[in-house]
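**Q** Output the structure for:
(chains A, B and C)
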Amino acid sequence: MVNLLFYAAALVAVLTAAGVVLARNPVVSVVSLLSCFGSLAVIYLLAGFQFLAAIQILVYGGAIMVLFLFVVMLLNLGGLSPEAEDRDDPLFHDRRRSAGGLAVAVALGSASLIGILRGARHLTEPTNGFVLPAEGYDALPALAEAMFTRYSLPFEAASVLLLATTVGVMVLAKRQRSAPPAGEERP
Amino acid sequence: MVIVKRKTLTLAERLYLPEILRGMSITFAKMFKPKVTRQYPEEPLPTNEVTRGQPRLRQLIDGNLACVSCGLCEAACPAYAITIDGQETDRFIEREPEKFEIDMLRCILCGFCEEACPKDAIFMSTELELAGFTRASLKYDIDKLKRTMPELAPRMDYIKRINERW
Amino acid sequence: MNDFLIILIKTCVIYGGLIGAAALMTLAERKFSAWMQLRYGPNRVGPWGLLQPLADGVKFIFKEELCPDGANPWIFRLAPILSAVPAMLTVAVIPFAGDVTLFGVDCGNLSITDLDIGTLFLVAIGGLSVYGVILGGWASNSKYSLLGGLRASAQMISYELSLIMIILCIVAMTGSLDLRAITESQNTGNPLSWNVFSQPLAFVIFVIATFAETNRHPFDFAECEPELVAGFHTEYSSMKFALFFLGEYCAMIVMACLTTTLFLGGYSVPFWEDAPWFIELGSFCAKAGFFAFLFIWVRWTLPRFRFDQLMHLGWKVFLPLALANLLVTGAVISLA
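**A** Below is the predicted model:
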């Protein structure tokens, strides 16, 4: 029963995560991301982390996604116009900078992946891995310990990755807006 | 230039909550006051001779209509609600309506027909309710329109009284 | 098997009660508003108009369903569900009474579940109901709906902050996130141990913030008839509209229950510590009923705020006050 629930939740999480990137409509992306967070919360619940599940819904579902939605609605993004996907944009052609960015992204991603895999290996060793506490928010100290000792590297890498993503989004959005329409001089 | 002098608020007023509580006490007290709503079908509207309801035709004592089908009301009607076909009769007045129809869906209860009538044959009654399932059923013919004199008496007296003023 | 049956029955009873209370609340809203305006209110359907919600429900079902041109049909359909379901889910953690013994069978406590993170669950799920409003506003493809949705999102986030700060004060005083533990800590037989007397400022802020959180007057900017037609549900009809309605009233009832639990000692009866469960339930219903009445009472008394006043109140008055309250509470607890 629990396994079945886990696989269902995991499937939903993966599908909706794919939906976030694949959807053409930004609001659909936001809704998919929301359902992704919901299914993650279900997975946390199945693992016995009630507190983490509630926080997941409270912080990500209740607060952050509302802000996302707010911004998306305010921007009222249409589909990208052909002009916006301007291939002459120097940003796309500066190979050196693009390669640098890619390298940093790969490094951060693999660092978090390696960290998670390392942690996961410990999970399978009953003597060394941390034991899932039984119930409720008593699990909190164990969770904090895991996050700030064993998983501190992937945790930090993920946060830096998020920061880099934020900066990247800013850069892309800025470029798009300041690019002059075709056949018009920059004032 | 109009200079609006703002009232300086006291501390209690600026705190807002006491004033809100005052307002709420007012609405709470209102809940127990007698209601002013009229429960309409059970409590009909009060009417008197001034009430200008739907037009009705006056019957004489012998049961015939007072109308001579002169067509003045038909001409006066701003909503074209009245249709009259006249015919001859052996009675002293010589003419009477063969068909007298008022389309109650068109009638605007203005009372012009009542003013136009030279024979005091049409009066605004106190009847106000109008409901039916088809449009045709609300086209009133003579049978539906005729009323005996006692029924229309208060209105007749009233019209006579105000006509005497000039 | 027996436990499962008991839980099933309790769930059915509590949800039936919630839906019934929400239906009754729509009637009460119209009745009380009528009385305050010297009218009678609905009195034709059934005795005293008691069957009016039923008639409304039948009417809603038979109304035509409309989906505006250019609207996103899936999100348009999703929004009313997202509005109603979280509001109904949150009632699961509210403790209505103590130990229930019925026909000699010990049925446990009268609540669907006593989650040890009950408050957190309530806040987390309750916070999701804003999506129904925002998505409904966006998916309608109407400027009024969109503005209503935007306002609702800004407003609910602003006031949720103060709300959570206040809940934190109570949690800090009790030392537990469990709503039943919070109730039991106030259930001493002495009404002075209710949190409303130790946290009067928090109580006032909490009650006002619940009005903003449930989009009720004087903060109903998501609807705001004179400016936005009907706000986020302008384009909704039939049962979809009814679901929004149901969500709003369920949220009101849950908020009334939460206020009762946090500040008025929940099901505790004054001067009677070990009251039987039906007295406790009656006590709870009386207190929650008062707050439900307060929602209606305030709506028909106060005019609507201006949106900038709302934001001013939320961010510059309530949040600092709530934070200061939390600070003082923390200081007192650590000193005592």
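**Q** what residues are up against the spatially most central residue of chain B?
**A** Nearest to the geometric centre of chain B sits B:Gly53, at 2.8 Å (Cα atoms, centre = their mean). Counting by Cβ atoms under 8 Å, 6 or more residues apart in numbering or on different chains, B:Gly53 makes contact with B:47, B:109, B:124-128. No exception for glycine: its C-beta is placed from N, CA and C like everyone else's.
**Q** Give me the three-state assignment for it.
**A** At B:Gly53 the chain is in coil, as set by DSSP: H, G, I helix; E, B strand; the rest coil.
**Q** can you give me the helices for chain A?
**A** A:2-22, A:26-46, A:50-55, A:65-75, A:90-93, A:95-124, A:140-145, A:152-178 (DSSP state H).
**Q** and stretch A:101-109, what's its mean pLDDT?
**A** The average of the pLDDT scores along stretch A:101-109 is 77.
**Q** swap that for stretch A:57-73, please
**A** Averaged over stretch A:57-73, pLDDT sits at 79.
**Q** buried residues in that stretch?
**A** Buried residues in stretch A:57-73, counting neighbours by 16 or more other Cβ atoms under 10 Å in any protein chain shown, are found at A:57-58, A:60-63, A:65-66, A:68-70, A:72-73.
**Q** go on, stretch C:8-20?
**A** C:10, C:14, C:18-19.
**Q** what's the answer for stretch C:157-167, then?
**A** For stretch C:157-167, by 16+ other Cβ under 10 Å, it's C:157-167.
**Q** ok so, going back, looking at the helices of chain A, which is nearest to chain B?
**A** With Cβ to the nearest Cβ, the closest approach to chain B among the helices of chain A belongs to helix A:65-75: 28.3 Å.
**Q** how close does C:Leu310 sit to chain A?
**A** The spacing between C:Leu310 and chain A, counted by Cβ to the nearest Cβ, to the nearest Å, is 16 Å.
**Q** So what touches the helix or strand encompassing that residue?
**A** Assessed by DSSP states H and E, C:Leu310 sits inside helix C:307-312. Contact with helix C:307-312 is made by C:151, C:154-155, C:158, C:212, C:219, C:221, as judged by Cβ under 8 Å, 6+ apart.
**Q** Where does the prediction get shaky in chain A?
**A** A:75-97, A:115-140, A:173-187 (pLDDT under 70).
**Q** Closest approach to chain C from it, which residue is it?
**A** Nearest residue of chain A to chain C: A:Gly62, at 3.0 Å (Cβ to the nearest Cβ).
**Q** So for that residue, what's the nearest residue that isn't a sequence neighbour?
**A** Nearest residue to A:Gly62, sequence neighbours excluded (Cβ to Cβ, 6 or more residues apart in numbering or on different chains): C:Gly127, at 3.0 Å.
**Q** What average pLDDT does the longest helix along chain B get?
**A** Longest helix in chain B, counting residues (DSSP H): helix B:149-164. Averaged across helix B:149-164, pLDDT comes to 87.
**Q** chain center to it: distance?
**A** Relative to its chain's centre, helix B:149-164 lies at 15 Å (Cα atoms, centre = their mean, to the nearest Å).
**Q** hey, which helix or strand in chain B has the poorest pLDDT?
**A** Every helix and strand in chain B was compared by mean pLDDT, DSSP states H and E; the lowest is helix B:11-15, with a mean of 73.
**Q** Next, the buried residues of stretch B:4-20.
**A** Applying 16+ other Cβ under 10 Å to stretch B:4-20 flags no residue as buried.
**Q** Which residues outside that stretch are in contact with it?
**A** Here stretch B:4-20 makes contact (Cβ under 8 Å, 6+ apart) with C:204, C:298, C:301-302.
**Q** Same check on stretch B:21-38?
**A** Against stretch B:21-38 from outside (Cβ under 8 Å, 6+ apart): B:45, C:32, C:35-40, C:297-298, C:300-302.
**Q** How about stretch A:60-79?
**A** Stretch A:60-79 has contacts (Cβ under 8 Å, 6+ apart) with A:24, A:26-27, A:30, A:33-34, A:37-38, A:41, C:123-124, C:127-128, C:130-131, C:134-135, C:138, C:146, C:149-150, C:153-154, C:156-157, C:160.
**Q** 6 Å instead?
**A** Here stretch A:60-79 makes contact (Cβ atoms under 6 Å, 6 or more residues apart in numbering or on different chains) with A:26-27, A:30, A:34, A:37, C:124, C:127-128, C:130, C:134, C:138, C:153, C:157.
**Q** what does stretch C:83-103 give?
**A** Under the criterion Cβ under 6 Å, 6+ apart, residues C:18, C:107, C:109-113, C:115, C:118, C:121-122, C:125-126, C:128-129, C:132, C:179-180, C:183, C:243-244, C:246-247, C:250-251, C:254, C:257, C:267, C:277, C:280-281, C:284 lie in contact with stretch C:83-103.
**Q** and what of stretch C:228-241?
**A** C:60, C:63, C:65-66, C:68, C:80, C:133, C:136-137, C:140, C:142, C:144-145, C:147-149, C:222-224, C:244.
**Q** hmm, try it at 7 Å
**A** Outside stretch C:228-241, the residues within contact range by Cβ atoms under 7 Å, 6 or more residues apart in numbering or on different chains are C:60-61, C:63-66, C:68, C:71, C:80, C:133, C:136-137, C:140, C:142, C:144-145, C:147-149, C:152, C:222-224, C:244.
**Q** Is it possible to mark the buried ones in those?
**A** Using 16+ other Cβ under 10 Å, the buried members of these are C:60, C:68, C:71, C:80, C:133, C:136-137, C:140, C:142, C:144-145, C:147-149, C:152, C:222-224, C:244.
**Q** Let's see which of those end up in helices.
**A** Going by DSSP H, the helices hold C:60, C:80, C:133, C:136-137, C:144-145, C:147-149, C:152, C:244 from those.
**Q** What does the pLDDT read for the residue nearest to C:Gln186 when sequence neighbours are not counted?
**A** Setting aside the residues directly before and after it, C:Gln186 is nearest to C:Gly265 in space (Cβ to Cβ, 6+ apart), at 3.8 Å. We note a pLDDT of 81 for C:Gly265 in this prediction.
**Q** Just list the residues touching C:Gly265, thanks.
**A** Contacts of C:Gly265 (Cβ under 7 Å, 6+ apart): C:183, C:186-187, C:194.
**Q** now do A:Ala23
**A** By Cβ under 7 Å, 6+ apart, the contact set of A:Ala23 is A:29, A:32.
**Q** one more time with 10 Å
**A** When the contact criterion is Cβ atoms under 10 Å, 6 or more residues apart in numbering or on different chains, the partners of A:Ala23 are A:16, A:29-33.
**Q** And the next helix or strand past the strand or helix carrying C:Arg180?
**A** Per DSSP H and E: C:Arg180 is located in helix C:179-186. Per DSSP H and E, the first helix or strand lying C-terminal to helix C:179-186 is helix C:195-198.
**Q** what comes up buried for that next one?
**A** With burial defined by 16+ other Cβ under 10 Å, the residues of helix C:195-198 counted as buried are C:195-196, C:198.
**Q** Which elements pack onto that helix?
**A** On a contact count with 3 or more Cβ pairs under 10 Å, 6 or more residues apart in numbering or on different chains; DSSP states H and E, helix C:195-198 meets helix C:143-174, helix C:179-186, helix C:200-213, helix C:238-263.
**Q** what is the mean pLDDT for it?
**A** Here the average pLDDT along helix C:195-198 is 83.
**Q** What parts of chain B come near chain C?
**A** Counting by Cβ under 10 Å from any Cβ of the partner chain, chain B comes close to chain C at B:16-17, B:19-39, B:41.
**Q** In helices, which of those residues fall?
**A** Among the residues of chain B next to chain C, the members falling in helices (DSSP H) are B:17, B:19-30.
**Q** Can you select the buried ones from those residues in PyMOL?
**A** Those of these that meet the burial criterion (16+ other Cβ under 10 Å) are gathered into one PyMOL selection, given here:
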select buried, chain B and resi 24+27
